[in-house]
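Asker: sequence first, predicted coordinates after that:
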Amino acid sequence: MNEPAVPTAAEVVREATALRRSLESGFREEVVTSLYGEVERITRRAVHDAGSKRLDLDQRIDRIVTSRALGLPLMLAILAVVFWLTIVGANVPSQMLATAFFWLEDLAAGAFDRLGVPWWITGFIWHGVYRGLAWVVSVMLPPMAIFFPLFTVLEDLGYLPRVAFNLDFLFKKAGAHGKQALTMAMGFGCNAAGVIATRVIDSPRERLVAILTNNFVPCNGRFPTLIMLATVFVAASFRPAVASLVAAGSVVAIVLVGVFFTLVVSWALSRTILRGEASAFTLELPPYRRPGVLRILYTSLIDRTLFVLWRAVLTAAPAGAVIWLLGNIVVGGESLATRIAEALNPLGWAIGLDGVILLAYIIAIPANEIVVPTMLMVYMSQGMMTDLQSFDQLRTLLVDRHGWTMLTAVNLMLFSLLHNPCATTVITIYKETLSVKWATIGALMPLAIAFIVTFLTATFARLFLGF
Amino acid sequence: MASLGEAVGGFDRVVALAGNPNTGKSTLFNALTGLRQHTGNWPGKTVTRAEGGFQFGGVRYKLVDLPGTYSLLSASQDEEVARNFLLFGKPDCTIVVADASALERNLYLALQVLEITDRVVLAVNLMDEARRRGIEIDTRSLARDLGVPVVPIVARTSENLMALLAEVAGVASGDTVTSPLRSRGTPEFERAVSQLVPRIEAAAPGVPNARWIAIRLLDGDAAVEEALTSGRLVDLVARQQGPDQRFSRKIALQGAQ
């Protein structure tokens, strides 16, 4: 019979929520803006600065770099230049590394043969484990050694917070945190690093959105696949002079598709299982600083390149061994690899790919970098991964002997962009969220999206474009 | 003044150190307590807590070094440690340490601290660097605008620390009455705040600074909502107001993980 004169805490929270809804949506920005206005006035009265020319210059640069009209185009242009430099610069060193590594492989395998080592030991060690390592190092090291320093320069200059500033309005519309643009940028280097970088996001809900969607930016492990496809299929019909530009353009395009999916999935998550509003945040735009050459080289080459490469090596060695075993264990006249690929073929066909590509993706779950080598190995049916002398040969092999079309290439790019994150990233998601549920969602949701999207494009292409 | 190092127990007053990262906060902490604390603080890395003591004018002070943060608005772990201590630890005085060369950015946090507590002294640190860069700071104008004492210092060389401690002693004892600057929102916003404040005070009796909690609730701060509904807020306050003062230590210890 007692009157509830005292409101419960839950009631107060409900009242506050109702009041918040009744306020104009921009009220928080207004409070923050007025706070900044206050601080600026106080500072102007109290601080007499004799040498702030540098800040003036910073502000003038920022007016261009973060402007509504020029901010985004400038960002895309910088992105395109970075990819173009990576593609052009990595090509020759990659070929040289591959040549050197495979020359050593032949030499060592020959030496083993002469010493009377059984063929399967030689094969397992040199044509399996070693070859997996050699592929990964030669395909990944040059692009990373170019991409990471360029990226670190942008970071040191102070450009990344400006990117977050430019993209903020998009992420806000998606119900996500503006700093997700920063973690997305880290994801270009490595999705696991991107997931760790989400620690800068304060709200747990928005942090989860950022974690679950980080996979949609292609990491360095997936760039070689994308670059190869862009170079071999999309750019092949152009003159050599513009081919590298077209290749860089298609990589930028696929990155934009990734950003598009990041936003769409963030939007969907914010309205379903991770419902909530985007929180306002204050982002300090640090002064532009001249990057220190030595520090950049150290950060990008020691902390990043070698770190990622070492991880790739650790996964590539056992994967190389698995590939060799699958290719050399013969059941009923056919290698295990061929049999599995045939079993996967119907599923692969439905999404515009084939069984071999799916098998390659399954083997590459620990690390996406080894997808292309695995694929080629099964295609060549030589029982080991193969090096090809040129991209022309690769095109001939895939188009003429295995029936690849533009649909295969486009869907492979899409699948590579969207499918599940590598094992390291999934483990990192688990470590950061301490939740099996979110780690599982983080792995399966992108996979489901990859299947749905590629199935739709394949069906569309077959029905309307005559593939 | 005498440094008391890590000697625990028997403190008369609690003083908190807040500020942006890399403003020389730990240098000041070390200068006052005689300790050698490395308190580098990066988002995502371990948040180190430091506690020490010093004596000034016959009064024994406990100094709690809070994690360096850019803001108290959001709910990342280290910011929550700092914020909870300021809200519920009820330090007798909070020294906000600011970098003289980047005063504008530092004042943003200072204003947020002023929203929570009016027992604040602003220490404008790194004055030597600012002077080298040709930056002059009118601390009297600052003090007038902010409504709290402002002292220019150089923690590295212990310059002006006695003046700082004199102001801290005044604020901590209540002899110095401050009138901190508080930002106003839109009229509708202020109406919503004043509507909520009595409700919060009724639901969570004894809660310090209901206005601040009202603002955070209107902002959709999930951490504050959770603290209120789970009863943790009332719990924190009750424990703080109990006979033993271990609470402030406990909050500070949470940062050590």
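Answerer: Received it, and whenever you're ready, just let me know what you need.

Asker: tell me how many other residues crowd A:Leu263.
Answerer: 21 (other Cβ atoms under 10 Å in any protein chain shown). To be clear about C-beta, it is placed using only N, CA and C from the backbone, and glycine gets the same treatment.

Asker: which residues does it contact?
Answerer: A:Leu170, A:Phe171, A:Lys173, A:Ala174, A:Ala176 (Cβ atoms under 8 Å, 6 or more residues apart in numbering or on different chains).

Asker: which residue ranges of the chain form strands?
Answerer: No chain in the question, so chain A it is. Applying DSSP state E to chain A gives strands spanning A:47-49, A:330-331, A:334-335.

Asker: you answered for a different chain; I wanted chain B.
Answerer: Under DSSP E, chain B gives strands at B:2-5, B:13-19, B:50-56, B:59-65, B:93-99, B:120-125, B:135-137, B:150-152.

Asker: just the buried residues out of the contacts of A:Leu263, in PyMOL syntax.
Answerer: Buried subset of the contacts of A:Leu263, written as a PyMOL selection, criterion 16 or more other Cβ atoms under 10 Å in any protein chain shown:
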select buried, chain A and resi 170+171+174+176
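
Asker: considering only the contacts of A:Leu263, which also neighbour chain B?
Answerer: Contacts with chain B are made by none of the contacts of A:Leu263, judged by Cβ under 8 Å from any Cβ of the partner chain.

Asker: could I get the contacts of A:Leu263 as a markdown table with pLDDT?
Answerer: Listed next are the contacts of A:Leu263 as a markdown table, based on pLDDT from 0 to 100:
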| residue | pLDDT |
| --- | --- |
| A:Leu170 | 89 |
| A:Phe171 | 89 |
| A:Lys173 | 88 |
| A:Ala174 | 89 |
| A:Ala176 | 89 |
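
Asker: of the contacts of A:Leu263, which is the nearest to chain B?
Answerer: Proximity of the contacts of A:Leu263 to chain B (Cβ to the nearest Cβ) peaks at A:Ala176, which lies at 14.7 Å.

Asker: wait, that closest one sits on A:Glu206?
Answerer: Yes - between A:Ala176 and A:Glu206 there is a contact at 5.8 Å, judged by Cβ atoms under 8 Å.

Asker: what do the two both touch?
Answerer: Contacts common to A:Ala176 and A:Glu206, judged by Cβ under 8 Å, 6+ apart, are A:Ala278.

Asker: just to revisit the earlier point, can you say which of the strands of chain B is nearest to chain A?
Answerer: Among those, strand B:135-137 sits nearest to chain A (Cβ to the nearest Cβ), with 4.2 Å.

Asker: and that closest one, what does it pack onto?
Answerer: strand A:47-49, helix B:127-132 (3 or more Cβ pairs under 8 Å, 6 or more residues apart in numbering or on different chains; DSSP states H and E).

Asker: for A:Ile125, which of these is the nearest?
Answerer: helix B:127-132 (59.7 Å; Cβ to Cβ).

Asker: what comes up buried for the closest one?
Answerer: For helix B:127-132, by 16+ other Cβ under 10 Å, it's B:Met127, B:Ala130.

Asker: which residues touch that helix?
Answerer: Counting by Cβ under 8 Å, 6+ apart, B:Ala100, B:Ser101, B:Glu136, B:Ile137, B:Pro152, B:Ile153, B:Val154, B:Arg156, B:Thr157, B:Glu159, B:Asn160 sit against helix B:127-132.

Asker: list buried residues within those residues.
Answerer: B:Ala100, B:Ser101, B:Ile137, B:Pro152, B:Ile153, B:Val154, B:Glu159, B:Asn160.

Asker: ok, which pair from these is furthest apart?
Answerer: Going by Cβ to Cβ, the pair spanning these furthest: B:Ser101 and B:Asn160, at 16.8 Å.

Asker: and A:Pro318, how far from A:Leu325?
Answerer: With distances taken as Cβ to Cβ, to the nearest Å, A:Pro318 is found 10 Å from A:Leu325.

Asker: got it, and A:Met228?
Answerer: Taking Cβ to Cβ, one finds A:Met228 at 25 Å from A:Leu325.

Asker: what's across from A:Val330 in the sheet?
Answerer: A:Ser335 (DSSP bridges).

Asker: count of neighbours near it?
Answerer: 12.

Asker: could you check the pLDDT of it?
Answerer: For A:Val330, the pLDDT comes out at 85.

Asker: check A:Val259 too.
Answerer: 93.

Asker: for it, which residues are in contact?
Answerer: Counted by Cβ under 8 Å, 6+ apart, A:Val259 has contacts A:Met184, A:Phe216, A:Val217.

Asker: quick check, nearest of those to chain B?
Answerer: A:Met184 (16.9 Å).

Asker: residues in contact with the residue nearest to the closest one when sequence neighbours are not counted?
Answerer: Using Cβ to Cβ, 6 or more residues apart in numbering or on different chains and skipping the chain neighbours, the partner closest in space to A:Met184 is A:Val217 (5.3 Å). For A:Val217, the contact set (Cβ under 8 Å, 6+ apart) comprises A:Met184, A:Ala185, A:Gly187, A:Phe188, A:Asn191, A:Gly194, A:Val255, A:Gly258, A:Val259, A:Thr262.

Asker: and A:Asp113, how many neighbours?
Answerer: So A:Asp113, with other Cβ under 10 Å, has 13 neighbours.

Asker: that one touches A:Gly123, doesn't it?
Answerer: No - with contact defined as Cβ under 8 Å, A:Asp113 and A:Gly123 do not form a contacting pair (10.5 Å).

Asker: re the thing from before, just the contacts of A:Val259: which are in helices?
Answerer: Of the positions in the contacts of A:Val259, A:Met184 sit in helices, assigned by DSSP state H.

Asker: sort the contacts of A:Val259 by pLDDT and name the bottom one.
Answerer: Out of those, that is A:Met184, at 87.

Asker: so what's residue 108 scoring on pLDDT?
Answerer: Defaulting to chain A. 92.

Asker: chain B, not that one
Answerer: For B:Tyr108, the predicted pLDDT is 87.

Asker: so it touches A:Leu35, yeah?
Answerer: Yes - in terms of Cβ under 8 Å, B:Tyr108 counts as a neighbour of A:Leu35; the distance is 6.9 Å.

Asker: contacting residues around A:Ala319?
Answerer: A:Ala319 touches A:Gly132, A:Ile363, A:Ala364, A:Pro366, A:Ala367, A:Ile370, A:Thr374, counting by Cβ under 8 Å, 6+ apart.

Asker: so how far is A:Gly123 from the first one?
Answerer: Just to be clear, that refers to A:Gly132. Counting by Cβ to Cβ, the gap from A:Gly132 to A:Gly123 is 13 Å.

Asker: neighbour-wise, which of those two wins?
Answerer: Between A:Gly132 and A:Gly123, counted using other Cβ under 10 Å, A:Gly132 has the larger neighbour count: 28 against 20.

Asker: spatially nearest residue to the more buried one (excluding sequence neighbours)?
Answerer: A:Gly320 (2.0 Å).
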